[in-house]
Structures are given as C-alpha cells and as structure tokens.
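**Student:** mind folding the following:
(one chain, ligands or ions: 1)
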Amino acid sequence: MTDLFDAPNPPRLAVVGTEAQMPINRIFCVGRNYAKHAAELGNEVQRDAPFYFTKSHHAVVKSGDTAPYAPGTVDYHHEIELVVAIGKGGFRIIAADAMAHVLGFCVGLDMTRRDLQQSNRTRGLPWDTAKDVEGSCILAPLTRNFSPDGQRIHLNINGQIRQDASLSELIWSLPEIIAHLSTLYTLQPGDLIMTGTPAGVSAVRPGDVLEGGIEGLAPLNTTIGQAP
Ligand code: MN
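**Tutor:** Numbers count the residues shown, from 1 in each chain. The predicted structure follows:
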C-alpha cells in the first residue's frame with residue numbers, strides 16, 4: 001500500500017541538554033487558570049472543574065522562528081504560559097501520581113484571535129477558529145529538570161513588560177489538571193498541556209519582538225511576521 005500523498009511528520013520539541021527531540025502528540029490548553037486574567041476578559045472562573053480547548057500540529061512554531069500574524073483578526077493576542085509535556089501516558093491518573101507522568105516543561109505562547117473568541121463566546125459558538133490558529137503555538141525547548149514552585153512567569157514586547165506573574169497564581173494545579181484531563185482523554189507520551197495565561201494579555205503588531213520566560217526554563221523569543 002502506498003499513500004496518495006506525503007503526510008507531515010509531527011513537529012518536534014528540542015530537549016535541553018540532549019540531542020534527542022520530543023515528537024509532539026496532542027496540544028491541550030486550559031482556559032481561565034489565573035483569576036486576574038479571567039477578570040480582565042470579563043469572565044468568571046470555573047470553580048467546578050477546569051475546561052479545555054486544543055491546538056493542532058499546524059499551530060506549532062519553534063522559539064527563535066518568526067510567528068505569522070494570523071489572517072482574519074485585527075486583535076491578535078499573546079498569552080504566555082507554562083507548558084507541561086507528558087512522558088508516560090495514562091487514563092484516570094490520580095493526582096498523587098500525576099507528576100510521575102510528566103516528561104518536562106517549557107515556555108509557550110498561546111496566540112489568540114481575541115476578536116473572534118469574544119464574538120464566538122457571546123454567540124455561544126466554538127473557539128476553534130480563535131485558538132487553533134496556524135502558527136499560534138510558539139514553543140521554547142523542553143527542560144526536564146524543573147519543579148513548578150511559584151516561579152516568575154513574564155512576557156516582554158519590544159523590551160516592555162506586558163505580563164508578569166507567579167506560577168503560584170495558577171487556580172488548578174498541575175496534578176489537578178493532569179488528573180482531570182485524564183478522565184476525558186487517555187493521555188499519551190508527547191501530549192502537551194498549556195496551563196493558561198496570567199493577566200496582561202494584549203494585541204501584537206507585525207514586527208513586534210516577543211520575549212517570554214519562566215525562571216528555571218529555557219526562554220522563548222519570536223518576532224511577529226507581516227499580516228497576510
Ligand atoms: Mn491560553
């Protein structure tokens with residue numbers, strides 16, 4: 001049997017300190033996981049359970065590369081996030097075991113068509129076209145030796161600070177997210193979970209230079225490309 005055409009290989013994530021790369025499987029994203037960010041967009045925090053959306057392989061851009069300005073928006077927003085990579089899969093993982101399923105961590109940007117997201121939200125429509133955007137998931141290399149413990153998370157644009165918070169502000173902890181998400185999906189090696197963004201989101205412009213970081217992780221940088 002032959003394929004009718006070449007299918008793309010999954011994108012890879014560089015791993016700090018090794019030549020080996022991590023093939024990326026699925027990309028799950030947590031919504032409203034910092035109270036001040038939920039408030040700045042006029043949303044209530046969901047106190048019953050975390051909720052999710054997803055991005056596809058077409059979204060992945062490596063840190064250091066140019067990230068395209070998305071078509072179909074005039075309000076393209078940055079969201080700096082802690083990203084967790086799953087190394088050992090599982091279904092109904094219990095919170096006490098969750099961190100043993102983690103391969104490592106990286107800094108990521110969840111770029112968002114905010115205008116589409118807000119109008120879809122108002123009309124009760126899905127978020128896919130706001131979030132699952134080509135070139136909208138910028139990822140720094142993976143660090144294996146890291147333990148989230150209140151480190152600073154920040155994003156600069158053209159040298160000016162825009163987002164500046166602490167991982168201690170996460171509403172749902174990483175074990176809680178992994179445990180809950182694994183009741184809905186059988187987690188697999190290479191799955192990524194973007195854990196939500198702190199307050200300070202705003203629109204980017206073509207040519208903007210974005211620099212993001214979390215203490216203890218490889219930094220992220222990208223330049224926003226020209227609008228199509
Ligand atoms: Mn986000």
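
**Student:** going forward, measure contacts between C-alpha atoms and count neighbours the same way
**Tutor:** OK.

**Student:** give me the contacts around whichever strand in the chain runs longest.
**Tutor:** Counting by DSSP state E, the longest strand found in the chain is strand 102-110. For strand 102-110, contacts defined as C-alpha atoms under 8 Å, 6 or more residues apart in numbering pick out 78-88, 131, 136-146, 194, 212-214, 217-220.

**Student:** now swap in stretch 5-18 and tell me
**Tutor:** 20-25, 57, 60, 62, 139-144, 218.

**Student:** for it, buried residues please.
**Tutor:** Applying a neighbour-count criterion of 16 or more other C-alpha atoms under 10 Å, the buried positions in stretch 5-18 are 11, 12, 13, 14, 15, 16.

**Student:** which one is the fifth one nearest to, not counting chain neighbours?
**Tutor:** What it means is residue 15. Nearest residue to residue 15, sequence neighbours excluded (C-alpha to C-alpha, 6 or more residues apart in numbering): residue 142, at 4.6 Å.

**Student:** and the one you found, how many neighbours?
**Tutor:** Other residues near residue 142 come to 24 when the count uses other C-alpha atoms under 10 Å.

**Student:** circling back to that earlier point, distance to residue 74, pLDDT and secondary structure added to the buried residues of stretch 5-18, as TSV?
**Tutor:** Below are the buried residues of stretch 5-18 laid out as TSV (distance: C-alpha to C-alpha, whole Å; pLDDT from 0 to 100; DSSP: H, G, I helix; E, B strand; the rest coil):
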residue	distance to residue 74	pLDDT	secondary structure
11	28	98	coil
12	30	97	strand
13	30	97	strand
14	32	97	strand
15	34	98	strand
16	36	97	coil
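
**Student:** what are the bridge partners for the residue nearest the centre of the chain, then?
**Tutor:** Nearest to the geometric centre of the chain sits residue 194, at 3.5 Å (C-alpha atoms, centre = their mean). Beta bridges link residue 194 to residue 29, residue 83, judged by DSSP bridges.

**Student:** show me what contacts it?
**Tutor:** By C-alpha under 8 Å, 6+ apart, residue 194 lies in contact with 27, 28, 29, 30, 81, 82, 83, 84, 108, 110.

**Student:** same question for residue 149.
**Tutor:** 167, 168.

**Student:** secondary structure element for it?
**Tutor:** Using DSSP states H and E, residue 149 sits in no helix or strand.

**Student:** can you check residue 138 too?
**Tutor:** strand 137-139.

**Student:** determine how far that strand lies from the middle of the whole chain.
**Tutor:** Relative to the centre of its chain, strand 137-139 is centred 7 Å away, using C-alpha atoms, centre = their mean, to the nearest Å.

**Student:** phi, psi of residue 168?
**Tutor:** Note on residue 168: its backbone torsions stand at phi -70, psi -10 [degrees, to the nearest 10].

**Student:** equivalent analysis for residue 38, please.
**Tutor:** Here the main-chain torsion angles of residue 38 (degrees, to the nearest 10) amount to phi -60, psi -40.

**Student:** excluding sequence neighbours, find me the nearest residue to it.
**Tutor:** Residue 38 sits nearest to residue 32 (C-alpha to C-alpha, 6+ apart), 5.2 Å away.
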